[in-house]
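In: Show me the folded form of this:
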Amino acid sequence: MNATAHLVFDRAYYESNYDAWLKHRAKLRPYAFYLSLGLLVFGVVLALAIPANWIFGVVFACAGVYELIEALTHKSRWINARVKATPENKTVELQLSETEISTTSSVAQGTIQIDGFSDIVPVSVGVFLIPESGVSIYIPDATVEPTDAFRHL
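Out: From the prediction side, this is the model:
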């Protein structure tokens, strides 16, 4: 298997990365909205059920509101932070083979052995390569030529 991937680190890449991560790799983040709503409702019920100690309910309700806002804005904040931190027009060329992945960018080049990844997680729109450090490298299907060779990783 020999394939080439051309990654452009722009807003579309990070949106695709986040969506694939949320669907296939995140553990609790998909439930953050519902957990924050539960916390908010619990706080309101607690404040109404125990009027003498209403402050505890208000504290839970405020925490629920905070978590709700955090859950609703997490994706855009995450994407904006990465877009802001990434130099404009940053691209990386990946050469994928049976045993290694070679990377080339405008500032660096390197080689990573396939055995160096602790996990390779195929997702519906690409693949996550997870080195032993646990961070993930996301390669969308649309960036790989030929696409059918890519699925053999």
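In: residues in contact with residue 66?
Out: Residues near residue 66 by Cβ atoms under 8 Å, 6 or more residues apart in numbering: none. C-beta coordinates here come from the backbone N, C-alpha and C atoms, glycine included.
In: Next one, pLDDT for it please.
Out: According to the prediction, residue 66 has pLDDT 98.
In: Can you give me the distance of it to residue 80?
Out: 19 Å (Cβ to Cβ, to the nearest Å).
In: so what's the residue nearest to residue 146 when sequence neighbours are not counted bridging to?
Out: Of all residues not flanking residue 146 in the chain, residue 3 sits nearest, at 6.3 Å (Cβ to Cβ, 6 or more residues apart in numbering). Taking DSSP bridges as the rule, residue 3 bridges to residue 96.
In: so residue 3 touches residue 141, yeah?
Out: No - assessed by Cβ atoms under 8 Å, residue 3 is found out of contact with residue 141, at 10.6 Å.
In: give me the number of residues near residue 40?
Out: Residues lying near residue 40 (other Cβ atoms under 10 Å) number 19.
In: make that residue 124, sorry
Out: Number of residues near residue 124 (other Cβ under 10 Å) recorded here: 9.
In: Need the pLDDT of the residue lying farthest from the centre of the chain.
Out: Centroid-distance maximum for the chain: residue 52 at 43.8 Å, with Cα atoms, centre = their mean. For residue 52, the pLDDT comes out at 93.
In: Just give the nearest non-adjacent residue to residue 102, would you?
Out: residue 95 (4.3 Å).
In: My guess is that neighbour contacts residue 109. True?
Out: No - in this structure residue 95 lies outside contact range of residue 109 using Cβ under 8 Å: 10.1 Å.
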